[in-house]
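Enquirer: coords below, sequence missing:
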């Protein structure tokens with residue numbers, strides 16, 4: 001199956017699983033509606049798709065990895081809600097629709113984000129795998145996603161350089177991709193060496209993802225200030241992605257030698273997406 005068709009198909013499958021999951025928690029409250037609005041606000045769903053692809057390569061069944069797929073998207077959605085707030089990046093739109101705080105209000109948006117984050121850990125805790133919970137808490141907290149957002153906010157009025165932007169990319173974006181690659185290895189009880197290698201692999205993919213996002217944002221004049229193109233030319237940034245791709249594919253060969261694995265294609269999709 002051609003990669004674009006594959007991604008589109010996997011998005012539909014995940015969205016169906018997400019609907020089933022959210023319906024289990026259905027209430028008539030406004031907060032639930034706000035949470036669902038945020039979770040169903042489009043999205044490439046690449047993080048859960050990567051978890052599934054890696055998990056399948058490790059011969060895991062869906063019941064073993066589905067909770068991790070949903071949990072990472074819950075955390076990702078929470079981060080986008082808070083990222084759009086006036087006190088953060090102050091964006092009125094997300095993927096062509098009103099951002100959560102504009103559709104509802106700031107208070108409900110903050111509460112929805114908090115609830116989605118909490119729900120993610122509740123979900124992972126149900127499988128009684130402390131290592132998964134510990135890793136996601138580490139990668140989404142002050143040393144990871146939240147720390148990256150803090151650095152992003154604190155950097156707005158400062159002089160940019162590649163080192164600062166790289167640090168923001170690694171924390172704000174790449175940390176969640178680390179979880180996507182590592183979670184299946186943790187579930188499979190692989191060695192710590194393999195888990196560490198999978199996290200390195202995820203970090204590279206996440207860094208590439210954010211560089212490409214920066215390129216698109218800059219070209220669309222959308223949040224272009226803290227952007228890798230402020231410190232290097234577009235061609236240099238793209239070339240850096242291709243060098244990362246070589247390194248990532250080398251790690252994939254060691255971790256996931258199955259030739260039917262689509263991880264190389266997924267990374268190529270990330271680099272070449274429009």
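Expert: Structure's in. What do you need? Because the structure is predicted, anything quoted here is derived from the model rather than measured.
Enquirer: Tell me the predicted confidence for residue 153.
Expert: As predicted, residue 153 sits at a pLDDT of 87.
Enquirer: Around it, how many other residues sit close by?
Expert: Neighbourhood size, residue 153 [other CB atoms under 10 Å]: 14. C-betas here are computed from N, CA, C, even on glycine.
Enquirer: Who are the packing partners of the helix or strand encompassing residue 176?
Expert: Applying DSSP states H and E as the criterion places residue 176 in helix 175-187. Contact here means 3 or more CB pairs under 8 Å, 6 or more residues apart in numbering; DSSP states H and E; on that basis helix 175-187 packs against helix 46-57, helix 62-84, helix 130-140, helix 145-155, helix 192-219.
Enquirer: Show me what counts as buried in the third one.
Expert: If I follow you right, that is helix 130-140. By neighbour count on 16 or more other CB atoms under 10 Å, the buried set for helix 130-140 is 132-133, 135-136, 139-140.
Enquirer: Touching, residue 210 and residue 169? I think so.
Expert: Yes. If you go by CB atoms under 8 Å, residue 210 and residue 169 touch, sitting 4.4 Å apart.
Enquirer: and for the two, which residues touch both?
Expert: By the contact definition CB atoms under 8 Å, 6 or more residues apart in numbering, residue 210 and residue 169 are jointly contacted by residue 228.
Enquirer: any idea which of the helices and strands packed on helix 175-187 scores lowest on pLDDT?
Expert: helix 145-155 (a mean of 91).
Enquirer: quick one, it and helix 192-219 angle?
Expert: Orientation check (axes from the mean of the first three to the mean of the last three CA atoms, to 10 degrees): helix 145-155 against helix 192-219 gives 40 degrees.
Enquirer: how far is helix 145-155 from where the chain is centred?
Expert: Relative to its chain's centre, helix 145-155 lies at 16 Å (CA atoms, centre = their mean, to the nearest Å).
Enquirer: go on, stretch 231-245?
Expert: 21 Å.
Enquirer: Kindly report the same for stretch 159-176.
Expert: 14 Å.
Enquirer: Residues contacting that stretch, please?
Expert: 47, 72, 75-76, 79, 139-140, 143-145, 147-149, 151-152, 155, 158, 202-207, 209-211, 213, 226-228, 230-232.
Enquirer: Now restrict the residues you listed to buried residues only.
Expert: 47, 72, 75-76, 79, 139-140, 144-145, 147-149, 151-152, 155, 202-207, 209-211, 213, 226-228.
Enquirer: which residues touch residue 132?
Expert: 68, 124, 183, 186-187.
Enquirer: which of those residues lies closest to residue 26?
Expert: residue 124 (20.7 Å; CB to CB).
Enquirer: Tell me who's in contact with that closest one.
Expert: Residues counted as contacts of residue 124 (CB under 8 Å, 6+ apart) are 67-68, 71, 132-133, 136.
Enquirer: That one sits in which helix or strand?
Expert: helix 106-125.
Enquirer: List the buried residues in that helix.
Expert: 108-113, 115-117, 119-121, 123-124.
Enquirer: These into CSV, with extra columns for pLDDT and distance to residue 197?
Expert: Below are the buried residues of helix 106-125 laid out as CSV (pLDDT from 0 to 100; distance: CB to CB, whole Å):
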residue, pLDDT, distance to residue 197
108, 97, 41
109, 96, 38
110, 97, 37
111, 98, 38
112, 96, 36
113, 97, 32
115, 97, 34
116, 97, 30
117, 97, 28
119, 96, 30
120, 97, 25
121, 96, 25
123, 95, 26
124, 95, 22
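Enquirer: I'd like these as TSV, with distance to residue 15 appended.
Expert: Converted to TSV, these look like this (distance: CB to CB, whole Å):
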residue	distance to residue 15
108	23
109	22
110	25
111	24
112	18
113	20
115	20
116	16
117	20
119	17
120	17
121	22
123	17
124	20
